[in-house]
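Asks: Need a 3D model of the following:
(chains A, B, C and D)
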Protein chains: 2
Amino acid sequence: MRLTKISEIRRRELRRAAFEVLQKEGMAGATLEKVATHAGASKGIVLHYFANKQELFEHAMREANASLKEAVVERLHGARTPLERLHAIIEANFEERFFQPSVCHAWLSLCAEVPREPQLARIQTIIHARMRSNLLSALTHILPAGECEAVALAITSLIDGLWLRLGLQSEGLTRDIALAQMRDYLVHRLPKTQD
Amino acid sequence: MRLTKISEIRRRELRRAAFEVLQKEGMAGATLEKVATHAGASKGIVLHYFANKQELFEHAMREANASLKEAVVERLHGARTPLERLHAIIEANFEERFFQPSVCHAWLSLCAEVPREPQLARIQTIIHARMRSNLLSALTHILPAGECEAVALAITSLIDGLWLRLGLQSEGLTRDIALAQMRDYLVHRLPKTQD
DNA sequence: TCAATTGTTGACCCATGGGTCAATTTAAAG
DNA sequence: CTTTAAATTGACCCATGGGTCAACAATTGA
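Replies: Sure thing, here's the model as predicted:
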C-alpha cells in the first residue's frame, strides 16, 4: 500500500504543471494539452483527475496560495514581537521563489478570471481574509485600534501593487527595492520609538 | 466633406465597444462577434478597421489610457501648488467613472496579456512613465530629491493595489475609502507643516 | 448620371481546444 | 492466477471563434 495514493500524486503534479504553464502562456495559452505535456502525460489524464479546465486552474490557484501560506507560517514561527510578526508576513510575500515576473504573470492571469469565475473569487476572498487577519493580529499591538484596518489595507495594497508592477514591467524592480518600499512605509506610518 | 472621416468614427466606436465588452467578458470572452454586436455592426467590419484582435484591443487600451490622461490634465489645470498637483493626479485616478469594478476588470484583462503582447507592454510602459513624470514634477518641490523616486513608486503601487483590490473584491471598497487611504499615506509620508 | 472609392455584410474556411469515450495497460486484491 | 478496479491513452466529436473573401450598398466626385 502506497503512503500517498497515485491519484493524489497525479493531481499534485497536474496542478503544479498547470501553474507553471500559466506562467509562460497565460490563461488562454494554457491548454489542457500543454499542461499534460508539461507534466509528461496525455490530455486525457488531465480530465480524468479534474472535471474541467476551470477546476484544474482552481486547484492550481489553491496550491500556489497554500505555498505562500506556508512561507508566512514558517517565518511567523521565528517571530517574537508584533513588529517581527509584521515583518515576517511582509517578507514572506517577497521571497525570491515568489517574487518573480513569471510567477506574477500566473497570478495575474488567475486574477483576471476572478470576476467571471466564482470559485476563483472564493479563493481570492480567503486569501484576502487571511492576510488581513495576519496583519491585524500584529498591528493591534502596535497601533491604536482605529488605525489598524486602514494600515492593513495599505500594506496589502502596497504589496499587491508592487507585485503587479513586477508583472508588468519586470525591469528595474528588484526584490530589494520592493522590500525597501515596504520598510519605508512602515517607518513613516508606525509609531516612532519602536523598530 | 465630413469633419471627421467615417473611418475615424467607426474606429472609435469599435475600440470603445471592445473596452466595454472587456469589462463584462474578459479577454477570452470578448470575441470579435460580441464587440461587433455591441457596437451595432457585423464582425466583418471589425476586421475591416483593425488588422486583427490584438490590434483592436491595443487601441482599446490606448483609448482607455487617453481618457485617464485627460482626467489628469483637466485636474492639473486647476492646481496651483505642488501639493495640489499631487492631489490632482491622485484624485483623477479615483474618479467615479474610472474607479469601478467593471472598468477594473477590463484593465486587469489587458494587464494579464501584457507579458505576451509586446504592443500592450509598450503602452503600459508609457503609462508608467507618464505617471512617474507627473508625480515627480510635484514631489520634487515637496520632498528632498533623494526621496522622490521612492515615494512616486509607493503612490503608484498603492493606486494600482487599490484598483486591483476593487477588481477582485468589489464589496467593501468604496471610492471614499480608497481616497482616504491615499490621504493617510501622504499625511504620514510628506513633511508635517504642509497640507 | 456615372464611374470609382469606401463602407458593409454574411457566408465560408479552418485551426484550435475542451470534452467524451471505448479500449488498453497496469496494478491491487483475493 | 484471476478477477476486479484503477490508471492511461489516443482517437474522435464538435462548438467556437479568428480570419478571408466575394459580393453588395452607399457615398463621393467629376
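Asks: Stretch A:45-63 spans what distance, first to last residue?
Replies: Taking C-alpha to C-alpha, to the nearest Å, stretch A:45-63 runs 19 Å from one end to the other.
Asks: Next: stretch A:163-177.
Replies: End-to-end distance of stretch A:163-177 (C-alpha to C-alpha): 12 Å.
Asks: buried ones in it?
Replies: Under the neighbour-count criterion of 16 or more other C-beta atoms under 10 Å in any protein chain shown, stretch A:163-177 has A:163-170, A:173, A:175 buried. No exception for glycine: its C-beta is placed from N, CA and C like everyone else's.
Asks: and what of stretch A:34-46?
Replies: Buried residues in stretch A:34-46, counted by 16+ other C-beta under 10 Å: A:34-36, A:38-39, A:41, A:45-46.
Asks: ok so, going back, and the buried residues of stretch A:163-177 as CSV, adding distance to residue A:125 and secondary structure?
Replies: Listed next are these as CSV, based on distance: C-beta to C-beta, whole Å; DSSP: H, G, I helix; E, B strand; the rest coil:
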residue, distance to residue A:125, secondary structure
A:163, 18, helix
A:164, 19, helix
A:165, 23, helix
A:166, 23, helix
A:167, 21, helix
A:168, 24, helix
A:169, 28, coil
A:170, 28, coil
A:173, 27, coil
A:175, 28, helix
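Asks: Enumerate every residue touching whatever residue of chain A ends up closest to DNA strand D.
Replies: Taking C-beta to the nearest atom of the strand as the measure, the point where chain A comes nearest DNA strand D is residue A:44, at 2.6 Å. Contact analysis of residue A:44 by C-beta atoms under 8 Å, 6 or more residues apart in numbering or on different chains lists residue A:36.
Asks: Near DNA strand D, which residues of chain A are found?
Replies: Counting by C-beta under 7 Å from any atom of the strand, the residues of chain A lying close to DNA strand D are A:5-7, A:10, A:41-45, A:48.
Asks: Show residues contacting the worst-scoring helix or strand of chain A on mean pLDDT.
Replies: Least confident helix or strand, chain A: helix A:6-29 with a mean of 93, by mean pLDDT, DSSP states H and E. Helix A:6-29 is contacted from outside by A:30-31, A:34-36, A:38-39, A:41, A:45-46, A:49-50, A:56-57, A:59-64, A:102-103, A:105-106, A:109-110, A:112-113, B:27-28, B:112-113, B:115-116, using C-beta under 8 Å, 6+ apart.
Asks: Mind listing what's buried along it?
Replies: Buried residues in helix A:6-29 (16+ other C-beta under 10 Å): A:10-11, A:13-23, A:25-27.
Asks: and the two most separated of those residues?
Replies: Greatest spatial distance among the buried residues of helix A:6-29 (C-beta to C-beta): A:10 and A:26, at 24.2 Å.
Asks: Stretch A:126-135 and chain B in contact?
Replies: Yes - contact of stretch A:126-135 with chain B (C-beta under 8 Å from any C-beta of the partner chain) involves residue A:128.
Asks: Same check on stretch A:99-106?
Replies: Yes - under the criterion of C-beta under 8 Å from any C-beta, chain B is reached by stretch A:99-106 at A:101, A:105.
Asks: Give the rounded mean pLDDT of that stretch.
Replies: The average pLDDT within stretch A:99-106 is 97.
Asks: how far does that stretch sit from the chain's center?
Replies: Relative to the centre of its chain, stretch A:99-106 is centred 10 Å away, using C-alpha atoms, centre = their mean, to the nearest Å.
Asks: any idea how far residue B:109 is from the nearest residue to residue A:109 once chain neighbours are set aside?
Replies: Nearest non-adjacent residue to residue A:109, counting by C-beta to C-beta, 6 or more residues apart in numbering or on different chains: residue A:27, 4.4 Å away. Residue A:27 is 10 Å from residue B:109, where distance means C-beta to C-beta, to the nearest Å.
Asks: list residues touching both of these two?
Replies: residue A:112.
Asks: can you map out the helices along chain A?
Replies: Here chain A has its helices, by DSSP state H, at A:6-29, A:32-38, A:43-49, A:53-77, A:82-92, A:101-113, A:118-139, A:145-168, A:175-189.
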